[in-house]
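Enquirer: Any chance you can model this:
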Amino acid sequence: MNWDWNAVSEFMPHFWDGLLVTLQILVLGSAISFALGLVWALLMRVPSRWVTWPVGVVTEFVRNTPLLVQLFFLFYVLPEWNVTFSALTTGVVGIGLHYSTYTMQVYRAGIEAVPVGQWEAATALNLPLRRTWTAVILPQAVRRVVPALGNYVISMLKDTPLLMAITVLEMLGEARLFSQQNFQFTEPLTVIGVAFIVISYLASLALRALERRLVH
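Expert: Predicted coordinates for the structure are as follows:
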């Protein structure tokens, strides 16, 4: 096997295009999963089975079915009902929705870890319920779970290649297309593998630094 640096050079413009798409998926998907996961967690605390039961059913269904199946459903089935989105939008929504069912559990753990005394203090001060959540409970809960949320961001990064199945050209999609057109697989796939390792490593370093900052 001969390593061809010319192939690497030719692939790099495609790599940067794929990297940009991957980062778009990661940022937007993370935003959806964090926001929607918090909504799920708050709804599960509503004292009514008419709310908690359907939310529990939906989140359990999403969490226990493969992400790839969900992507196929959103991309191929919804258009039959006249609901159509671009491949990138479908991928972002799909991965964000899927991971929101995991971040929900993280938020629930963070909320339950807030000492009971904090709730009692808010009650003693006669704070409105909305103020209790926004000023007392959620700041403490979110602070506790940031490291766990960061781990899901890294997991989401590793799942972005699944979006290739619905024609999204992220990093692996660009590598696959380049390889098929030029019959050179080693160089582009190696570049992609190294890129995933580097990005994951940098993200883990940032996560550990953030965790130390929150602790101190």
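
Enquirer: what sits against F15?
Expert: Residues in contact with F15 (Cβ atoms under 8 Å, 6 or more residues apart in numbering) are M171, E174, A175, P188, V191, I192, A195. Quick note: C-beta positions are derived from backbone N, CA and C, even for glycine.

Enquirer: OK, contacts around the spatially most central residue of the chain?
Expert: Nearest to the centroid of the C-alpha atoms of the chain, with distances taken as Cα atoms, centre = their mean, sits S30, at 3.9 Å. With contact set as Cβ under 8 Å, 6+ apart, S30 has these partners: G96, Y99, Y152, V153, M156.

Enquirer: Return the distance of it relative to L125.
Expert: When distances are taken as Cβ to Cβ, to the nearest Å, S30 and L125 turn out to be 34 Å apart.

Enquirer: Just the mean pLDDT for stretch 123-138, thanks.
Expert: If you average the pLDDT over stretch 123-138, you get 79.

Enquirer: Same question for stretch 204-216.
Expert: Stretch 204-216 shows a mean pLDDT of 76 in the predicted model.

Enquirer: Give me the residues contacting that stretch.
Expert: Residues from elsewhere that reach stretch 204-216 (Cβ under 8 Å, 6+ apart): R143, V146, P147, G150, N151, I154.

Enquirer: Buried residues in it, which are they?
Expert: Of the residues in stretch 204-216, those buried by neighbour count under the rule 16 or more other Cβ atoms under 10 Å are L207.

Enquirer: hey, C-alpha coordinates of it in PDB?
Expert: Taking Å, rounded to 0.1, in the frame of the first residue of the first chain, the C-alpha atoms of stretch 204-216 are listed here in PDB:
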ATOM      1  CA  SER A 204     -13.000  16.200  26.100                       C
ATOM      2  CA  LEU A 205     -10.300  18.600  27.100                       C
ATOM      3  CA  ALA A 206     -12.800  21.500  27.000                       C
ATOM      4  CA  LEU A 207     -15.300  19.400  28.900                       C
ATOM      5  CA  ARG A 208     -12.700  18.600  31.700                       C
ATOM      6  CA  ALA A 209     -11.700  22.300  31.900                       C
ATOM      7  CA  LEU A 210     -15.300  23.400  32.200                       C
ATOM      8  CA  GLU A 211     -15.900  20.700  34.900                       C
ATOM      9  CA  ARG A 212     -13.000  21.900  36.900                       C
ATOM     10  CA  ARG A 213     -14.200  25.500  36.600                       C
ATOM     11  CA  LEU A 214     -17.700  24.600  37.800                       C
ATOM     12  CA  VAL A 215     -16.300  22.600  40.700                       C
ATOM     13  CA  HIS A 216     -14.100  25.500  41.900                       C
END
